[in-house]
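**Student:** coords please:
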Amino acid sequence: MDATPLIERVLEDEGITSGLEESEAALMVKLLTNKVGEIAAGTNDAASARQRVDGLCRNARRIGRVVECYRDEGEASARLKAEQFAMRWPDDARDSSALLQGLLGQ
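**Tutor:** This next block holds a predicted model:
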């Protein structure tokens, strides 16, 4: 199916990049649009694809909060926040970009 409306859904959700620095936000949008493209390529059911993208966006907003916490308050606080969201801490989280990639890859 055409991924354009699903990608627009991601781009219109300002909560996804809220609190992130420019480089983090750009990485988040890039990774999300790649995932959305995969979702669209794997189905012809628009309602199901939209539901999956909505879930992806909810998760991305949570990941953004963890990344922001990591950058602003340190790893210990970010680990607690990730735990609150039932996210497994990535082994290779050496900076905010690696943390974002590791959490989004779950």
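**Student:** Please enumerate the helices of the protein.
**Tutor:** Secondary structure of the chain (DSSP state H): helices at 4-12, 22-41, 46-73, 75-84, 96-104.
**Student:** So which of the ones you listed is the most surrounded?
**Tutor:** Across those, averaging neighbours per residue (mean count of other CB atoms under 10 Å) puts helix 96-104 on top, at a mean of 20. Glycine gets a C-beta too; all of them are placed from N, C-alpha and C.
**Student:** Redo the helices of the chain as CSV? Include distance to P90 and mean pLDDT.
**Tutor:** As requested, those are exported to CSV (distance: least, CB to CB, whole Å; pLDDT from 0 to 100):
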stretch, distance to P90, mean pLDDT
helix 4-12, 22, 96
helix 22-41, 13, 96
helix 46-73, 10, 97
helix 75-84, 9, 97
helix 96-104, 3, 96
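**Student:** Tell me who's in contact with the residue of the chain positioned farthest from its centre.
**Tutor:** Each residue of the chain has a distance to the centre, and by CA atoms, centre = their mean the biggest one is for N44: 23.3 Å. Taking CB atoms under 8 Å, 6 or more residues apart in numbering, we find N44 in contact with M1.
**Student:** Contacts only, for G105.
**Tutor:** Contacts of G105 by CB under 8 Å, 6+ apart are P90.
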